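S.K.: Prediction below, plus the sequence it came from.
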Number of protein chains: 2
Amino acid sequence: MKRKEFRKLISVEKAREIMNSLQVLPEKEKFAIENVHGKILAEDIIAEINVPPFARAIMDGYALRAEDTYACSETEPARLKVLGSIPAGSDARFTVSAGEAVEIATGAPIPEGADSVVMVEYSSEENGTVLIYKPVTVGENIMKAGSDILKGERVLRAGRKLGTREIGVLASVGKNDIPVLKLQVGIISTGDELVSPGEKLARGQIYDANSYTLCAGVQECGASPMLYGIVKDDETIMRRALETAVSECALILTSGSTSSGAGDVIYRLIDEMGETLAHGINIKPGKPVVIGIIKSVPVIGLPGNPTSALIIFNEFVAPLIRKALGAGDELKRVENGVMSTNFRSEGRQQLLPVGLVRGRVYPADRGSGAITSLSEADGFIEIPSSTEFVEAGTPIEVTLFGDVEKPDLLIAGGFCPGLDLLEDLSGLRFRTLYTGSSGGFSAIASNTADIAGVNMPSRDSRGEDGILYNIPTIENMGLSDVVLVKGYRREVGLIVRQDSPITKLSDLLGKRLINRNLGSGTRALLDLKIAELAAEKGISKKEFMDSIPGYISGAKSEAAICDAVASGKAEAGVGKRNCAEKNHLKFIKFAEEDYDFLIRKEMLETPEVHKFLETLNSAEFASKLPKGLHVYERTGEIISFE
Amino acid sequence: MKRKEFRKLISVEKAREIMNSLQVLPEKEKFAIENVHGKILAEDIIAEINVPPFARAIMDGYALRAEDTYACSETEPARLKVLGSIPAGSDARFTVSAGEAVEIATGAPIPEGADSVVMVEYSSEENGTVLIYKPVTVGENIMKAGSDILKGERVLRAGRKLGTREIGVLASVGKNDIPVLKLQVGIISTGDELVSPGEKLARGQIYDANSYTLCAGVQECGASPMLYGIVKDDETIMRRALETAVSECALILTSGSTSSGAGDVIYRLIDEMGETLAHGINIKPGKPVVIGIIKSVPVIGLPGNPTSALIIFNEFVAPLIRKALGAGDELKRVENGVMSTNFRSEGRQQLLPVGLVRGRVYPADRGSGAITSLSEADGFIEIPSSTEFVEAGTPIEVTLFGDVEKPDLLIAGGFCPGLDLLEDLSGLRFRTLYTGSSGGFSAIASNTADIAGVNMPSRDSRGEDGILYNIPTIENMGLSDVVLVKGYRREVGLIVRQDSPITKLSDLLGKRLINRNLGSGTRALLDLKIAELAAEKGISKKEFMDSIPGYISGAKSEAAICDAVASGKAEAGVGKRNCAEKNHLKFIKFAEEDYDFLIRKEMLETPEVHKFLETLNSAEFASKLPKGLHVYERTGEIISFE
């Protein structure tokens, strides 16, 4: 039997060692002071002046000799001759002797001979004489020259990240052209299936995300990204791109084309143009990683999958860039959380993408194990190879994808525009995973969501027209630590073109249907309605379904259903009114379903769920629901289960 | 008696209420996706495609019907006819029926009819037939269309801050021109004494720091600063500047010119051009703050002092900008610490600038009470009016000036280039406060520094030549929780012009001297040497000193001393060799002094002090010390005190 030869993967420790040995050398460039925020200082800054450069008054008043005021009081003021006045910014020169004073403004230089300032509040002036009512001590209300920064002092060291305070120090010592580090990082995306955002997708193509996530990641580390765009899996084109990048950058990142499959061009080119130091790190998802050097410029090949690329970037590349810029791990964003659910590992060391919601850590794989979704990952956790099982409740450290805004509530279940409205009106941040109603129930059962939006119908005599929503499913699954909050009602119907002959459910016979996917509550509802119709007609449900071509199809979204109907691929679909009307299609209502919220009981008392329910019950929510959705008398009702 | 009328200050609560009522309205603008990192999304983003747009292979292998593999094994492989091959990015179309397979690359679209992918590792192909050695299940190694993002789903909500992950989501759904919020904030510095960094300072002038600290602060909040530069305290010029800014910005910040003294132009202009909502907040340093509106654009007048301006900006203005951009307080950087020293408040509510070193909070006022130093403040703490005394050890919350890099060690004492070298070689970050040796002893006594660099001589029979360094001062102060670590030796001498007739100390008689300030160890050493000389000559020390003009002068730095000598203002100064030589002056050595480190005993076991001492004892440190400084046999010796 043929088995492909696999290269030898290096250990994580070895990979770190290699990364640590790489020389990434930043250049210097000068920027005007208003443009250096967040950049890294390239040289020591030595103060060439004292700050302040001269002794200044810190109050409006009179500069004088403290001695002259020692005996004064409110009743027996000192009387001093006023020599003149020094406004701020003035270079007027006076010499104050015993019995004399000079009027002075805040910030103005203290005249020679004066050793203190009396606040104007404790003085009065008339006819060139000032009366002082309160004694001062030597140095009072004077800021001495150099009391903030001394001439010759090193005020900022090379390598310092420039924040507001550092920029204030640079300005105070009069620096304008600021020498900062520039670390140009070249970014190349590879893959014949990639298209740039903004362009049109052809069949088989996807948008290039890695160019932009890596660009942002590089910026977050304080370096300057340089995008070389998408390069096809072609040796000649790729060689040219690498040559250009190597001549312009201190570090090159590529992504894609590193598998041992069809298009592994990158690592062969590095071998040919330079030296490959490693190919494959023994940590999931590090297998495709290539580390090499071309003309003394390090080249790192990252995985093609965007989440994997971002994980490897954060774990192995970001420290390299930060080190080159003289910054430490304080830029690494780490947070502690606890696992929300049991997680079974493959027994291989891995960096698992996770979501982080209110300190709870959720594997960001929608339960599929294989697929990682960038939109729902806030960062990643490390699982050692010795760990086969991470139990719910285990404390765990999450490395975040930079400065991420984390959600307030994790919501799974069926898609509904009402959820977006709840988010907008509540001011909460939702992370919504559209898993279908079935997936929503599972997510609550496995403790991987806070709330599920569900519309799962069952034939049940307790329900209106013999259909009861969600409760039978909860009972069948034996869920007990949950409550069901009644949500709102949604019109469900057939979606057809405006000129379609179809006007009712039974017209579907012989017509091509685009159905929702298995697990969708709407599909389950259609199943029940078709069974009713079949019973009326005296035929079996299966026979009825078989005579509707496409009944077994399964579109994951209503948008896809509308597309199929509008384009003529199907003659009818199933969905909600607002989606049909938005797509200028005809909507033929056949039912009203309940869209409810399944909530883990322990969440009920959290401020987030309070706010959620308050919004659900609000008049504003009721009035703003899109057409085809409406609240009713049971909205907000809470049903418990024992 | 005349007392100036003060306006009524409003309470902090009232000020917040007014700030909250202000309307700051951002605009929208579009940016290419590579330029939106850190910006705020202006509109909801709805996915117009599924991500991925089609079912994709996630492994290299063969797309087939799972059914065909159920019975296969290593010994009895399934044999399927290979219809062709689909590379990534290909739009090749095949229809896979029973008994058939298509070779497929990672990322390529799954052909019609196929429901799973067998990894290439479990297959072998020859003459158009593939042998499959391992069964797969339906859906295996396939990523379904829309499994990451569903078409029609709202993937990002308006107001979201765009980090790496969000940018990845935008790219994945093909967005290129990204609508983001733009909030233009106008910044005006006022004051006749101000000069822009890079320009030349005349007498009485200082550099404008506020334009740049506020610029950076505004950027840190995600808004766009617009600098209007320095505007003189002149109604006509200021009115013109305000008119321009109001027509271009959503918010205006001014600083300076808000006191009730000479130049309070701003608040009179706001009154005239619009409406003043408040003038003065009853919290130190909020007294000069003005809040007003001109043509519906809020105008905030901040204090002129850079530290005060930054405090008021962070406390009152930053929340306003963040709110306008839809961001919450997660951008506010707060850290908990404990007070390092007792602090006596004025009984007035105040925001006190502080340094934060390893969780310890130090008032950033160098003990002066009145002067706040921007270079040593990491943020500020709030002290309520009811608190008269904050005890050392009290837990306290610090609001940081944005993303600040905090120091590892706080070092006070006399200036020495050896300290910069210690910092560079140790890799530690020092905050050095050049307080002179006396100030160093006080900072250790009051627990406001970790280490003090000291060179304070005393006449003491235990010392070489009858002079002992630092130990007598420690004994006199009764310090016991400290150790003294012997540092290195420094040549001290007279600094004169190259053509000076002065060649020894006694030549100083009748010559104008520029002396160091009181509290400087070097000045104390000169005092001792002069006393010796006076004794030799049989005159009193006072008499000797009186016959050296300028003996009572006090320059805070050696740089200032060299300036005075080089410019001819003085004929001699006192200082160290390297400073003299750097300024091309002549150095006449009269002593070698000990520069030691006074360390709080509890700090000895910290990794930072370990590293500090390790560096002090290193050969590299010894070899790199500037000329005139050298380690000796006692370097690193630790002396304890009971």
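M.R.: Cool, the structure landed.
S.K.: how about the biggest helix by length in chain A, does it reach chain B?
M.R.: For chain A, the helix reaching the highest residue count under DSSP state H is reported as helix A:521-537. No - Helix A:521-537 lies out of reach of chain B by C-beta under 8 Å from any C-beta of the partner chain, never closer than 13.9 Å. Quick note: C-beta positions are derived from backbone N, CA and C, even for glycine.
S.K.: Going by neighbour count, list what's buried in the following helix or strand past that helix.
M.R.: Moving toward the C-terminus from helix A:521-537, the next helix or strand (DSSP states H and E) is helix A:541-546. For helix A:541-546, burial by neighbour count (16 or more other C-beta atoms under 10 Å in any protein chain shown) applies to A:544-545.
S.K.: Would you list the strands that whichever strand or helix holds residue A:597 pairs with, along with their directions?
M.R.: With elements delineated by DSSP H and E, residue A:597 resides in strand A:586-600, which encompasses its position. Strand pairing for strand A:586-600, determined by DSSP bridges: strand A:451-454 (antiparallel), strand A:482-496 (antiparallel).
S.K.: any idea which of those strands is most buried?
M.R.: Highest mean neighbour count of the strands paired with strand A:586-600: strand A:451-454, a mean of 27 (counted as mean count of other C-beta atoms under 10 Å in any protein chain shown).
S.K.: what's the following helix or strand after that one?
M.R.: Next element after strand A:451-454 (DSSP H and E): strand A:457-459.
S.K.: How many residues are close by residue A:358?
M.R.: If you count neighbours by other C-beta atoms under 10 Å in any protein chain shown, residue A:358 ends up with 15.
S.K.: Sorry, wrong one. I was asking about residue A:594.
M.R.: Other residues within reach of residue A:594, judged by other C-beta under 10 Å, total 25.
S.K.: Then residue A:458?
M.R.: By other C-beta under 10 Å, neighbour count at residue A:458 equals 18.
S.K.: I figured it hits residue A:475, correct?
M.R.: No - assessed by C-beta atoms under 8 Å, residue A:458 is found out of contact with residue A:475, at 9.1 Å.
S.K.: Identify the residues contacting the residue nearest the centre of chain A.
M.R.: Centroid-nearest residue in chain A: residue A:404, 3.4 Å away (criterion: C-alpha atoms, centre = their mean). Contact analysis of residue A:404 by C-beta atoms under 8 Å, 6 or more residues apart in numbering or on different chains lists A:333, A:378-379, B:163, B:165.
S.K.: Among those residues, which ones are in strands?
M.R.: Among those, the members falling in strands (DSSP state E) are residue A:379.
S.K.: Nearest residue to the residue nearest to the centre of chain A in space, please, no chain neighbours.
M.R.: residue A:378 (4.9 Å; C-beta to C-beta, 6 or more residues apart in numbering or on different chains).
S.K.: Could you report the pLDDT at that neighbour?
M.R.: We have a pLDDT of 92 for residue A:378.
S.K.: So residue A:52 sits against residue A:147, correct?
M.R.: Yes - judged on C-beta under 8 Å, residue A:52 makes contact with residue A:147 at a distance of 7.1 Å.
S.K.: between those two, which one's more packed in?
M.R.: Legend: neighbour count by other C-beta under 10 Å for residue A:52 and residue A:147, higher for residue A:52 (23 against 20).
S.K.: What residues does that one make contact with?
M.R.: By C-beta under 8 Å, 6+ apart, the contact set of residue A:52 is A:143, A:145-148, B:206.
S.K.: if we can go back for a sec, so how far is the strand holding residue A:597 from its chain's centroid?
M.R.: Relative to its chain's centre, strand A:586-600 lies at 32 Å (C-alpha atoms, centre = their mean, to the nearest Å).
S.K.: helix or strand right after it?
M.R.: Following strand A:586-600 in sequence, per DSSP H and E, is helix A:607-616.
S.K.: follow-up on the earlier one: and the longest helix of chain A, how far out from the chain middle?
M.R.: Using C-alpha atoms, centre = their mean, the offset of helix A:521-537 from its chain centre is 43 Å.
S.K.: now do stretch A:235-243
M.R.: For stretch A:235-243, the distance to the chain centre is 33 Å (C-alpha atoms, centre = their mean).
S.K.: And stretch A:34-54, by the same measure?
M.R.: 33 Å.
S.K.: In contact with the closest residue to chain B within the stretch 451-600 of chain A, which residues are there?
M.R.: In the stretch 451-600 of chain A, no residue comes nearer to chain B than residue A:559, which is 3.3 Å away by C-beta to the nearest C-beta. Counting by C-beta under 8 Å, 6+ apart, residue A:559 touches A:579, B:150-152.
S.K.: so it sits in a helix?
M.R.: Yes - applying DSSP: H, G, I helix; E, B strand; the rest coil, one finds residue A:559 inside a helix.
S.K.: JSON lines please, covering the contacts of residue A:404 and showing neighbour count and distance to residue A:607.
M.R.: Shown next, in JSON lines, are the contacts of residue A:404 (neighbours: other C-beta atoms under 10 Å in any protein chain shown; distance: C-beta to C-beta, whole Å):
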{"residue": "A:333", "neighbour count": "18", "distance to residue A:607": "24"}
{"residue": "A:378", "neighbour count": "27", "distance to residue A:607": "20"}
{"residue": "A:379", "neighbour count": "28", "distance to residue A:607": "24"}
{"residue": "B:163", "neighbour count": "22", "distance to residue A:607": "25"}
{"residue": "B:165", "neighbour count": "25", "distance to residue A:607": "25"}
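S.K.: would JSON lines of the contacts of residue A:404 with distance to residue B:56 be doable?
M.R.: As requested, those are arranged in JSON lines below (distance: C-beta to C-beta, whole Å):
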{"residue": "A:333", "distance to residue B:56": "31"}
{"residue": "A:378", "distance to residue B:56": "24"}
{"residue": "A:379", "distance to residue B:56": "25"}
{"residue": "B:163", "distance to residue B:56": "26"}
{"residue": "B:165", "distance to residue B:56": "21"}
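S.K.: Need the max-distance pair from the contacts of residue A:404.
M.R.: With C-beta to C-beta as the measure, no two of these lie farther apart than A:333 and B:165, at 11.8 Å.
S.K.: Next, show the common contact partners of the two.
M.R.: A:402, A:404.
S.K.: rewinding a little: okay, the strands paired with strand A:586-600 in a markdown table with mean pLDDT and distance to residue A:549 next?
M.R.: Putting the strands paired with strand A:586-600 into a markdown table (pLDDT from 0 to 100; distance: least, C-beta to C-beta, whole Å) gives the following:
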| stretch | mean pLDDT | distance to residue A:549 |
| --- | --- | --- |
| strand A:451-454 | 96 | 29 |
| strand A:482-496 | 97 | 15 |
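S.K.: closest one to residue A:83 among the ones you listed?
M.R.: strand A:451-454 (77.0 Å).
S.K.: Dump the C-alpha coordinates for that closest one into PDB.
M.R.: Extracted C-alpha coordinates of strand A:451-454, given in PDB (Å, rounded to 0.1, in the frame of the first residue of the first chain):
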ATOM      1  CA  ILE A 451     -28.700  31.300  24.900                       C
ATOM      2  CA  ALA A 452     -30.100  29.400  21.900                       C
ATOM      3  CA  GLY A 453     -32.800  30.800  19.600                       C
ATOM      4  CA  VAL A 454     -35.000  27.900  18.700                       C
END
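S.K.: Name the residues that touch that strand?
M.R.: Residues contacting strand A:451-454 (C-beta under 8 Å, 6+ apart): A:409-414, A:416, A:419, A:437, A:440-441, A:443-444, A:469-470, A:473, A:487, A:521, A:595-600, A:603, A:609, A:612.
S.K.: Name the residues of the stretch 301-450 of chain A found near chain B, please.
M.R.: Applying C-beta under 8 Å from any C-beta, we find that the stretch 301-450 of chain A lies next to chain B at A:304, A:306, A:310, A:330, A:366, A:368, A:370-371, A:373-375, A:377-378, A:401-405, A:415, A:420, A:423-424, A:429, A:432, A:434.
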